[in-house]
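Student: need coordinates for the below:
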Amino acid sequence: MKNEDIICISSIDWDFIWQGHQEIMSNLADEGNRVLFIENTGVRPPTFQDLPRLKKRIHNWFHSVKGIRQIKENLYVYSPIILPFPYSRIARLINRHFLVSSLKRWIKSISFSNPIIWTFLPTGLVLDIIDAIDSKIVIYYCIDNFSASSPVAKKIRKTERRLLERADLVFVTAKNLYDWCSQYNKNVHTFPFGVNMDIYEKARGKEVSPPKDMAQVKRPIIGYVGGIHKWIDFDLVKFLARTNSDKSFIFVGPLQRDVSDLRGFSNIHFLGHKPYEELPNYVSNFDVCMIPYLITEYTKNVYPTKLNEYLSLGKAVVSTKLPEIDAFNKRNGDLVFIGDTKDAFSSLINKSIRDGATKDVYNLRIDTAIAESTWKIKIKKMCDLIEDEIHKKEKEKTKRWKDNILKFYKKSKAKTVPALAAFLVSYIFLFHTPFIWFAAKPLKVSSALGRADAIVVLAGGVGESGKAGQGYEERVEYAVDLFKKGYADHLIFSSGFKYAIKEAEVMKALAVSFGVPADAIILEEQADSTYANIKLSSVILSGKNWKKAIIVSSPYNMLRASLVSKKIAPGMYFMYAPIPHSLFYGDEKNVRLDHILAIAHEYIAIVYYWFKGYV
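Tutor: Now for the predicted structure:
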């Protein structure tokens with residue numbers, strides 16, 4: 001497989017023990033595929049023991065470009081800084097925002113195109129990434145029973161089921177995992193983790209000098225390679241050390257749990273984490289190799305990679321009765337010694353040392369490891385499946401183009417016809433029935449007119465027309481008519497709007513042209529709303545010690561004006577005079593869009609005023 005873009009969502013960090021995650025992605029990068037390796041985003045909240053890993057993550061972030069660094073040609077590693085609460089909805093929302101945004105920026109900057117998404121994690125955050133990024137196919141490599149790894153991780157089952165249903169291809173490392181995944185996906189294939197045989201071949205069949213930290217260790221040596229974690233049966237290890245004081249027990253790998261209870265045994269040695277390429281030298285100097293795992297719900301799904309690393313150097317292996325080891329023996333003629341009790345385990349170690357191995361058994365172990373676990377063979381088979389799946393999906397797309405187009409038009413028709421029908425019904429209802437005028441009627445508030453101190457004319461806003469700067473002429477004309485009939489000796493024009501000229505000044509000029517004396521006109525030039533019109537005009541009235549006023553405005557606007565005046569000027573006596581004939585108000589026969597918009601505007605404004613406490 002070449003020239004593909006791959007996003008790998010890992011369940012471990014790049015600098016952790018070298019495993020299948022790094023091996024597969026490193027191989028794919030070497031073959032010309034571009035890989036972005038996203039380090040572990042977690043299946044549980046961190047504990048105190050995770051502090052070194054968190055410290056390393058922060059260090060990597062600050063020594064990279066926004067968390068991304070290039071390891072070698074075609075291979076990039078992303079060390080995201082996220083909230084470490086995988087089952088919190090709020091944390092997931094925040095993590096999704098920042099992680100997806102960062103990924104999309106990086107994808108755009110490097111021109112990743114339609115990548116393969118390959119995940120070792122089945123969390124909700126992984127689903128968010130899959131949903132947010134257009135991908136060629138989605139691969140889930142299920143290597144652990146995550147729900148059994150810790151009490152809090154039980155919550156992962158729900159998102160794992162969703163991922164299995166969403167994935168195009170599923171790889172698993174153990175039979176129990178195969179049985180679980182096959183319930184939700186029919187494209188499941190078993191690939192236990194393999195061994196980099198190129199590294200182990202260099203140490204095979206040679207007299208290899210022991211590493212310096214093993215040179216002084218007393219033989220025979222019983223060895224273990226891998227993480228020193230909670231799945232190791234330390235009661236068994238203590239028993240072995242006590243009953244085999246003439247033997248040394250060596251553990252090569254990072255400490256992932258407290259081992260202070262084993263420090264008192266002089267024949268138990270912890271040598272720490274070693275680079276992957278140095279491991280064959282250690283295994284070569286073991287007399288017997290061991291896999292002392294507890295039998296739990298978690299380990300029932302574990303295929304220990306170290307098994308084939310041991311066998312690839314022809315070593316005798318003694319293991320507890322793990323289901324995957326048992327299945328391996330059934331395929332390969334009891335090649336591994338299985339001790340299902342402490343005494344049996346100890347006896348098998350002694351038997352292996354005492355009897356040794358014939359050349360045939362030695363070669364059989366090596367040949368079996370090569371056949372079962374060579375990474376190059378496994379990756380080749382995986383890539384064949386991936387390419388077949390990509391080809392299958394592309395072929396299905398090509399076959400479905402006609403169906404997709406017809407489906408699109410069918411969906412469009414299904415949406416368009418009801419929408420069109422709804423539009424026609426709404427159009428007839430609004431433009432060819434009395435509904436609009438029925439809705440407008442409550443807005444037209446009027447009262448009997450009598451002698452007043454002033455006539456207040458409200459202008460500005462959309463007025464009767466639904467458009468700014470229209471309608472004030474009718475209001476001025478009606479107010480002048482009331483003035484001439486003797487209803488008041490003064491006019492107050494209220495508008496803070498300015499178009500080419502201030503609207504209040506235009507209203508005054510128009511009134512003067514109709515014969516109103518200029519000194520009978522007062523201008524209020526700040527109001528930008530009906531509320532401000534009433535409030536500022538009331539200030540003018542109060543300043544003149546005037547108690548009665550007639551309000552002139554649009555027929556639509558009178559209800560709002562009356563509600564505001566009663567709220568903010570309860571001591572003033574107002575009379576309401578909507579203009580009787582309006583070009584914009586309509587004749588209740590011809591409905592226009594501007595009528596509908598103006599009436600809708602008024603109702604919305606009244607609700608807003610109520611919310612603000614103006615009415």
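Student: in what helix or strand does the residue most central in space within the chain lie?
Tutor: The chain has residue 96 as the residue nearest its centroid, 2.9 Å off, counting by C-alpha atoms, centre = their mean. Using DSSP states H and E, residue 96 falls within helix 89-110.
Student: give me the contacts around stretch 96-111.
Tutor: The contact list for stretch 96-111 (C-beta atoms under 8 Å, 6 or more residues apart in numbering) reads 7, 34, 36, 41, 66-68, 78, 80, 82, 112, 115, 125, 128-129, 132-133. Glycine gets a C-beta too; all of them are placed from N, C-alpha and C.
Student: kindly export stretch 108-115 (C-alpha atoms) in PDB.
Tutor: Below are the C-alpha coordinates for stretch 108-115, written out as PDB (Å, rounded to 0.1, in the frame of the first residue of the first chain):
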ATOM      1  CA  LYS A 108      -5.100  21.700   5.400                       C
ATOM      2  CA  SER A 109      -1.500  22.800   5.900                       C
ATOM      3  CA  ILE A 110       0.000  19.600   4.700                       C
ATOM      4  CA  SER A 111      -2.700  18.800   2.100                       C
ATOM      5  CA  PHE A 112      -3.800  15.500   3.500                       C
ATOM      6  CA  SER A 113      -6.400  14.100   1.100                       C
ATOM      7  CA  ASN A 114      -9.300  11.800   2.100                       C
ATOM      8  CA  PRO A 115      -7.200  10.000   4.800                       C
END
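Student: centre of the chain to that stretch, how far?
Tutor: 19 Å (C-alpha atoms, centre = their mean, to the nearest Å).
Student: show me the strands in the stretch 451-600 of the chain, by range?
Tutor: Remark: strands assigned in the stretch 451-600 of the chain by DSSP state E, counting those that start in this stretch are 454-458, 491-494, 521-524, 548-553, 573-578.
Student: list the helices and strands the fourth one packs on?
Tutor: Going back to what we said before, that points to strand 548-553. For strand 548-553, the packing partners by 3 or more C-beta pairs under 8 Å, 6 or more residues apart in numbering; DSSP states H and E come out as strand 454-458, helix 472-484, helix 530-543, helix 558-568, strand 573-578.
Student: how does it look with 6 Å?
Tutor: strand 454-458, helix 472-484, strand 573-578 (3 or more C-beta pairs under 6 Å, 6 or more residues apart in numbering; DSSP states H and E).
Student: direction included, what does that strand pair against?
Tutor: strand 454-458 (parallel), strand 573-578 (parallel) (DSSP bridges).
Student: rounded mean pLDDT for the shortest one, please.
Tutor: With pLDDT averaged residue by residue, strand 454-458 scores 96.
Student: okay, the angle between that strand and helix 558-568?
Tutor: Orientation of strand 454-458 against helix 558-568 (axes from the mean of the first three to the mean of the last three C-alpha atoms, to 10 degrees) gives an angle of 120 degrees.
Student: for strand 454-458, what is the distance to the chain centroid?
Tutor: Computed by C-alpha atoms, centre = their mean, the chain-centroid distance of strand 454-458 equals 59 Å.
Student: over to stretch 493-501?
Tutor: Worked out by C-alpha atoms, centre = their mean, stretch 493-501 lies 51 Å from the chain centre.
Student: quick one: closest of the helices and strands packed on strand 548-553 to residue 260.
Tutor: Closest to residue 260 of these, according to C-beta to C-beta: strand 454-458, at 85.9 Å.
Student: please identify the helix or strand for residue 37.
Tutor: Residue 37 belongs to strand 34-38, assigned by DSSP H and E.
Student: what is that strand packed up against?
Tutor: strand 5-9, helix 20-30, strand 75-78.
Student: could you dump the ones you listed to TSV with mean pLDDT?
Tutor: Shown next, in TSV, are the helices and strands packed on strand 34-38 (pLDDT from 0 to 100):
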stretch	mean pLDDT
strand 5-9	96
helix 20-30	95
strand 75-78	95
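Student: nearest to residue 216, of the ones you listed?
Tutor: Nearest of the helices and strands packed on strand 34-38 to residue 216, taken as C-beta to C-beta: helix 20-30 at 31.9 Å.
Student: just the C-alpha atoms of that closest one, please, in CSV.
Tutor: Output of helix 20-30 as CSV, limited to C-alpha atoms (Å, rounded to 0.1, in the frame of the first residue of the first chain):
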residue,chain,number,x,y,z
GLY,A,20,2.4,-2.9,17.1
HIS,A,21,1.2,0.7,17.0
GLN,A,22,4.6,2.1,16.3
GLU,A,23,5.7,-0.9,14.2
ILE,A,24,2.7,-0.8,11.8
MET,A,25,2.8,3.0,11.3
SER,A,26,6.6,3.1,10.9
ASN,A,27,6.4,0.4,8.2
LEU,A,28,3.6,2.2,6.4
ALA,A,29,5.5,5.4,6.4
ASP,A,30,8.6,3.6,5.0
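Student: buried residues, it. List them.
Tutor: Buried residues in helix 20-30, defined by neighbour count with 16 or more other C-beta atoms under 10 Å: 20-29.
Student: residue 229 against residue 254, yeah?
Tutor: No. With contact defined as C-beta atoms under 6 Å, residue 229 does not count as touching residue 254 (8.9 Å).
Student: ok, the two, which is more surrounded?
Tutor: More neighbours surround residue 254 than the other of residue 229 and residue 254, with 17 against 13 (other C-beta atoms under 10 Å).
Student: ok, the residue nearest to the more buried one when sequence neighbours are not counted - how many residues close by?
Tutor: Spatial nearest neighbour of residue 254, excluding adjacent residues (C-beta to C-beta, 6 or more residues apart in numbering): residue 273 at 4.1 Å. Using other C-beta under 10 Å, residue 273 has 13 neighbouring residues.
Student: so residue 273 touches residue 252, yeah?
Tutor: No. Residue 273 lies out of contact with residue 252 (C-beta under 6 Å); the separation is 8.2 Å.
Student: tabulate the strands paired with strand 548-553 in a markdown table, adding columns for mean neighbour count and distance to residue 389.
Tutor: Output for those, formatted as a markdown table (neighbours: other C-beta atoms under 10 Å; distance: least, C-beta to C-beta, whole Å):
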| stretch | mean neighbour count | distance to residue 389 |
| --- | --- | --- |
| strand 454-458 | 27 | 71 |
| strand 573-578 | 20 | 73 |
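Student: adding distance to residue 74, write the ones you listed out as JSON lines.
Tutor: Listed next are the strands paired with strand 548-553 as JSON lines, based on distance: least, C-beta to C-beta, whole Å:
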{"stretch": "strand 454-458", "distance to residue 74": "72"}
{"stretch": "strand 573-578", "distance to residue 74": "77"}
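Student: is it true that residue 312 touches residue 371?
Tutor: No. In this structure, residue 312 is not within contact of residue 371 by C-beta under 6 Å, at 10.8 Å.
Student: give me the common contacts of those two.
Tutor: Here residue 312 and residue 371 share no contacting residue, scored by C-beta atoms under 6 Å, 6 or more residues apart in numbering.
Student: between these two, which has more neighbouring residues?
Tutor: Between residue 312 and residue 371, counted using other C-beta under 10 Å, the more crowded position is residue 312 (28 against 12).
Student: and the gap between the more buried one and residue 139?
Tutor: Taking C-beta to C-beta, to the nearest Å as the measure, residue 312 falls 27 Å from residue 139.
Student: contact partners for residue 309?
Tutor: Counting by C-beta under 6 Å, 6+ apart, residue 309 makes contact with residue 195.
Student: for the helix or strand that contains it, the distance to its chain's centre please.
Tutor: Here residue 309, judged by DSSP H and E, is contained in helix 306-311. Helix 306-311 has its C-alpha centroid displaced from the chain centroid by 39 Å (C-alpha atoms, centre = their mean).
Student: swap in stretch 485-493?
Tutor: Using C-alpha atoms, centre = their mean, the mean C-alpha position of stretch 485-493 is found 66 Å from that of the whole chain.
Student: other residues contacting the strand holding residue 37?
Tutor: By C-beta under 6 Å, 6+ apart, strand 34-38 touches 5-10, 14, 25, 28-29, 74-78.
Student: now swap in stretch 173-183 and tell me
Tutor: The contact list for stretch 173-183 (C-beta under 6 Å, 6+ apart) reads 142-143, 164, 170, 172, 188, 190, 192, 300-301, 303, 324.
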